[in-house]
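Q: The following block contains a protein sequence and its predicted model.
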Amino acid sequence: MKALAAIRALHDQPLPELVYQAMTVHRQKWDPTRLQHCTLDSLRTGACAEDCAYCAQSAHHTTEVKPDPLKGRESVLAGACSALEAGSTRYCMATSGRSLEEGPDFDAVLDIVREVRALGLEACVSLGLINAEQAKRLKDAGCTVYNHNLDTSRLMYGRLVSTHTFDERLATIRAVREAGLQVCCGGILGLGETGEDRIHFLHELTLLDPPPEAIPLNILVPIPGTPLEGMPPVPVIDVIRVIATARILFPSSRIRLAAGRSSLSDEAQALAFLCGANSIFTGVKLLTTQGCDAKADQALLMTLGMGMEGAPA
Ligand code: DTB
């Protein structure tokens, strides 16, 4: 755990110092030439009662997203098989909504988790707010990791979402941890937050003990019809500062360059990888927004002399 002032000092230092420190920490724990590849699937889409200002899936906003009930097992497993073939080692599955209540849909997700694991993939689910019992059932089904983001600072969170609280999110993360699941917890940049919000967000992550095994950093993709549709793009150097600071604060965590990566140039992505981002989502679609073409990713890694984790060097 680090005090706010110490995190601020890291984040605000001259970029060459910050980058150097992040690179140094990164190579102490990780092979800096390797990237974890994850694939994301939306198991249930849209029609969400929550009002998160950034989200395409909230029923509070009029967006182009077409609601879809829980996907069938076959189609999820077909996606998982293609992900495996494409070199992903983790299959991440998300459902829209405040939570996925225990019942037939929850049971169906448990079965899917079992089958994804049987393929040899790590399974990550993101099902909204869950309690201790649900977390335990996921763990028993072999689920590897649970994704639940803090998104941003506590202050900013209250301005973005009115239907649930930051503390409710923390309670879910606690339940996940207590069940023995790995925690994947990160945030979104470009919500209109200040540098100070980003420092507070990173500080909140340091308060999670043990720290999250994975920290996804998403760049806002402004969705027409949402309150954040007109947000200006977040400067790349701001993204790099957060990635580098996160790398220094969390030497052993994976840092995932998640949504919004397709808005980054090859050079910006390269800088992110240098500073310690060591995981990406592959595939043309994330949940509702555009991802990155696997061929383009391969070409970029080849240019950089980097490779997929788990693949021959
Ligand atoms: C996370 O941090 N990123 C994922 C996952 N957790 C569930 C979602 C990324 C996609 C979000 C935008 C979209 O495609 O709708």
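A: That came through fine. What you are looking at is a predicted structure, and each value in this text was computed from that prediction instead of being measured.
Q: Going by C-alpha atoms from here, please, whenever you check contacts or count neighbours.
A: Fine.
Q: okay, residue 295: pLDDT?
A: Residue 295 is assigned 88 on the pLDDT scale.
Q: and it, what is it in contact with?
A: Neighbouring residues of residue 295 by C-alpha atoms under 8 Å, 6 or more residues apart in numbering: there are none.
Q: Work out for me the element it sits within.
A: Using DSSP states H and E, the element containing residue 295 is helix 294-304.
Q: what does residue 37 give?
A: Here residue 37 is assigned to strand 34-44, by DSSP H and E.
Q: Could you give the average pLDDT over stretch 222-241?
A: For stretch 222-241, mean pLDDT rounds to 97.
Q: Name the residues of it that are buried.
A: When burial is assessed from 16 or more other C-alpha atoms under 10 Å, stretch 222-241 yields the following buried residues: 222, 223, 225, 226, 227, 228, 229, 236, 239, 240, 241.
Q: May I have the predicted confidence score for the residue sitting nearest the centre point of the chain?
A: Residue closest to the mean C-alpha point of the chain, counted by C-alpha atoms, centre = their mean, is residue 216 at 3.2 Å. We note a pLDDT of 98 for residue 216 in this prediction.
Q: ok, now how distant is it from residue 149?
A: 8 Å (C-alpha to C-alpha, to the nearest Å).
Q: Spit out the residues that contact these two alike.
A: Counting by C-alpha under 8 Å, 6+ apart, the contacts common to residue 216 and residue 149 are 184, 185, 186, 187.
Q: Report the entries of the residues you listed that also contact the ligand.
A: residue 186 (C-alpha under 6 Å from any ligand atom).
Q: For the host helix or strand of the residue nearest to the centre of the chain, enumerate the helices and strands it packs against.
A: Secondary structure assignment for residue 216, by DSSP H and E: strand 214-219. Strand 214-219 sits against strand 182-184, strand 187-189, strand 254-257, with contacts defined as 3 or more C-alpha pairs under 8 Å, 6 or more residues apart in numbering; DSSP states H and E.
Q: Can you show me the CA trace of the helix or strand following that strand as PDB?
A: Next along the chain after strand 214-219, taking DSSP H and E as the criterion, comes helix 236-249. What follows is helix 236-249, C-alpha atoms only, in PDB (Å, rounded to 0.1, in the frame of the first residue of the first chain):
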ATOM      1  CA  VAL A 236      -1.800   9.100 -25.300                       C
ATOM      2  CA  ILE A 237       0.800  10.400 -22.900                       C
ATOM      3  CA  ASP A 238      -1.900  10.400 -20.100                       C
ATOM      4  CA  VAL A 239      -2.600   6.800 -20.900                       C
ATOM      5  CA  ILE A 240       1.100   6.000 -20.800                       C
ATOM      6  CA  ARG A 241       1.500   7.700 -17.400                       C
ATOM      7  CA  VAL A 242      -1.200   5.500 -15.900                       C
ATOM      8  CA  ILE A 243       0.100   2.300 -17.400                       C
ATOM      9  CA  ALA A 244       3.700   3.100 -16.200                       C
ATOM     10  CA  THR A 245       2.500   4.100 -12.700                       C
ATOM     11  CA  ALA A 246       0.400   1.000 -12.500                       C
ATOM     12  CA  ARG A 247       3.400  -1.200 -13.500                       C
ATOM     13  CA  ILE A 248       5.500   0.300 -10.800                       C
ATOM     14  CA  LEU A 249       2.800   0.000  -8.200                       C
END
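Q: Residues touching helix 236-249, excluding its own?
A: 7, 10-12, 15, 18-19, 21-22, 25-26, 189, 198, 202, 206, 217, 219, 253, 255, 264, 268, 271-272, 275-277.
Q: Buried members of those into ChimeraX, please.
A: Remark: buried members of those, expressed as a ChimeraX selection using 16+ other C-alpha under 10 Å:
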select :7,10,11,12,18,19,21,22,25,26,189,198,202,206,217,219,253,255,268,271,272,275,276,277
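Q: what subset of the contacts of helix 236-249 is also close to the ligand?
A: Answer for the contacts of helix 236-249 near the ligand: none qualify (C-alpha under 6 Å from any ligand atom).
Q: What about the contacts of helix 236-249, which are in helices?
A: Among the contacts of helix 236-249, the ones falling in helices (DSSP state H) are 7, 10-12, 15, 18-19, 21-22, 25-26, 198, 202, 206, 268, 271-272.
Q: Could I get the CA-only coordinates of stretch 159-171 as CSV?
A: C-alpha atoms of stretch 159-171 as CSV (Å, rounded to 0.1, in the frame of the first residue of the first chain):
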residue,chain,number,x,y,z
ARG,A,159,-20.8,11.3,-11.0
LEU,A,160,-20.9,8.5,-13.6
VAL,A,161,-23.2,6.0,-12.0
SER,A,162,-26.2,6.5,-9.7
THR,A,163,-27.7,3.0,-9.6
HIS,A,164,-24.9,1.4,-7.5
THR,A,165,-22.1,2.6,-5.4
PHE,A,166,-18.3,2.3,-5.3
ASP,A,167,-18.6,0.5,-2.0
GLU,A,168,-20.9,-2.1,-3.5
ARG,A,169,-18.2,-2.8,-6.1
LEU,A,170,-15.6,-3.1,-3.3
ALA,A,171,-17.9,-5.6,-1.6
